[in-house]
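Enquirer: Sequence and predicted structure below; questions after.
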Amino acid sequence: MFSISLSSAVNIVIRTLVIYLVVLIGLRISGKREIGQMTVFDLVVLLLIANAVQNAMVGPDTSLVGGILAAAVLLLTNMLVAHLRLKSPRLRHLVEGSATLLVLHGELIPEHMRHEGLDEETLLTAVREHGVANLSDVEMAVLEIDGSISIVPVGGTAQRGKKVLKY
């Protein structure tokens with residue numbers, strides 16, 4: 001329960017780093033989303049991913065030390081990536097992406113909407129949540145990197161919203 005060979009430990013570290021990278025890339029590709037706006041489907045996918053990659057990280061090792069080692073590698077790697085993204089704009093862009101302009105001067109930008117997986121009704125819901133009645137009253141709407149939609153009404157200042165339902 002408390003013993004692990006050096007080769008098993010190194011194997012767990014390498015496997016865990018590879019899984020971290022693959023899951024990070026997969027989540028990055030899946031798009032922008034606020035944690036508070038996750039659907040039940042998103043939660044199910046995350047739980048299934050966690051279950052699916054668990055064996056890939058520790059392999060045949062079922063020891064307590066092996067599990068603790070995998071968890072420690074995940075936490076340390078996450079801390080390192082968080083630290084490095086603050087120092088490197090290029091890494092920050094790779095990990096977080098960039099904001100996407102959805103509306104400009106009251107006009108939808110369909111290619112950006114399609115690319116982000118947003119439909120017009122979802123955007124209109126966010127616009128109404130910001131107290132703006134019509135799309136024509138929106139100077140600019142931006143899908144931020146955290147998944148929220150910021151709205152700048154015609155003649156107004158940016159308002160940050162919480163509602164984004166994007167997969």
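Expert: Perfect, I can see it now.
Enquirer: can I assume Val142 sits in a strand?
Expert: Yes: assignment of Val142 by DSSP: H, G, I helix; E, B strand; the rest coil places it within a strand.
Enquirer: Could you pull up the residues touching it?
Expert: Residues in contact with Val142 (Cβ atoms under 8 Å, 6 or more residues apart in numbering) are 99-102, 149-150, 152. Every C-beta, even on glycine, is put in place using the N, C-alpha and C of the backbone.
Enquirer: Could you spell out which stretches of this structure belong to which domain?
Expert: 6-96, 100-160 (automatic domain parsing).
Enquirer: Pick the most buried one from these.
Expert: domain 100-160 (a mean of 16; mean count of other Cβ atoms under 10 Å).
Enquirer: avg pLDDT for that domain?
Expert: Taken as a whole, domain 100-160 carries a mean pLDDT of 88.
Enquirer: what distance separates that domain from the middle of the whole chain?
Expert: 20 Å (Cα atoms, centre = their mean, to the nearest Å).
Enquirer: now swap in stretch 43-54 and tell me
Expert: The chain centroid and the centroid of stretch 43-54 are separated by 15 Å, computed with Cα atoms, centre = their mean.
Enquirer: same thing with stretch 18-30?
Expert: 10 Å.
Enquirer: ditto for stretch 72-90
Expert: With Cα atoms, centre = their mean as the basis, stretch 72-90 stands 15 Å off its chain's centre.
Enquirer: and which of the contacts of Val142 is nearest Leu123?
Expert: Closest to Leu123 out of the contacts of Val142 is Leu102 (6.1 Å), distances taken as Cβ to Cβ.
Enquirer: any idea which element the closest residue to His130 other than its chain neighbours lies in?
Expert: Closest residue in space to His130, ignoring its immediate chain neighbours: Ile151 at 4.1 Å, by Cβ to Cβ, 6 or more residues apart in numbering. Assigned by DSSP states H and E, Ile151 belongs to strand 149-153.
Enquirer: other SSEs contacting that strand?
Expert: helix 120-129, strand 138-143, strand 159-160 (3 or more Cβ pairs under 8 Å, 6 or more residues apart in numbering; DSSP states H and E).
Enquirer: Distance to Pro60 added to these, as JSON lines?
Expert: Shown next, in JSON lines, are those (distance: least, Cβ to Cβ, whole Å):
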{"stretch": "helix 120-129", "distance to Pro60": "45"}
{"stretch": "strand 138-143", "distance to Pro60": "43"}
{"stretch": "strand 159-160", "distance to Pro60": "48"}
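Enquirer: Cool, thanks, signing off.
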